[in-house]
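Peer 1: When you get a sec, could you give me coordinates for this:
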Amino acid sequence: MARPPRTRIGRTPSPLRQRAIPVLTTMAGSMATALPLIVTTSIVPPFGLMIFLAWRALHRQIWPAWAGIPLGLWDDLFSGAALGTSVSIWTALLLGLDMLDRRLVWRDAFQEWGIAALLIATYLFVAYHVGGAIAGWYGVAVMVPQMLIAALLFPPVMRVCDRLDRWRLRV
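Peer 2: Here you go, the predicted structure:
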């Protein structure tokens, strides 16, 4: 029989650690696009957005509605997108998630995965067209592998965020 973990009565986790870990991991995820990876088409998923959505799925009140502005700006600086693209899309996604929370009070992991996959696909589609790409079926066909990779990688990203969350809240 396993012993219960030891706790220190009256102790709380560091407020700095509680606030900094989600922000720093989202910023690090946005910096993943700066890795030296040579490909002919864009297949690297938007890790910053994926981590942002994973933290939002774990704790619904972790990001205020304005959190998409500074974190989206950071993502724009590293992704090479037009300045303001991620700012506006991330903020719109947060507002959409807030409206969805009013409708769906209880969600399971598969629903979170589906919602995140849909939001990531929406982000990629809108960012692709805002960036001035040529519209049409060819543009969508180029985005499909990136959307699929992002959708398949979301559960491992959420698991990593869950492990970090346990460490973040541990005394």
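
Peer 1: The nearest residue to residue 13 once chain neighbours are set aside: neighbour count?
Peer 2: In space, and not counting its chain neighbours, residue 13 is closest to residue 169: 5.4 Å by Cβ to Cβ, 6 or more residues apart in numbering. The way it works is simple: take the backbone N, C-alpha and C, and place the C-beta from them, glycine included. Neighbour count for residue 169, taken as other Cβ atoms under 10 Å: 13.

Peer 1: With residue 152 instead?
Peer 2: Neighbourhood size, residue 152 [other Cβ under 10 Å]: 12.

Peer 1: Tell me the secondary structure at it.
Peer 2: helix (DSSP: H, G, I helix; E, B strand; the rest coil).

Peer 1: And the pLDDT for it?
Peer 2: Looking at residue 152, its pLDDT reads 96.

Peer 1: Touching, the residue nearest to residue 13 and residue 19? I think so.
Peer 2: No - with contact defined as Cβ atoms under 8 Å, residue 169 does not reach residue 19; the gap is 11.8 Å.

Peer 1: related to what we said a few turns ago, and the residue nearest to residue 13, how close does it get to residue 155?
Peer 2: From residue 169 across to residue 155, the span is 21 Å (Cβ to Cβ, to the nearest Å).
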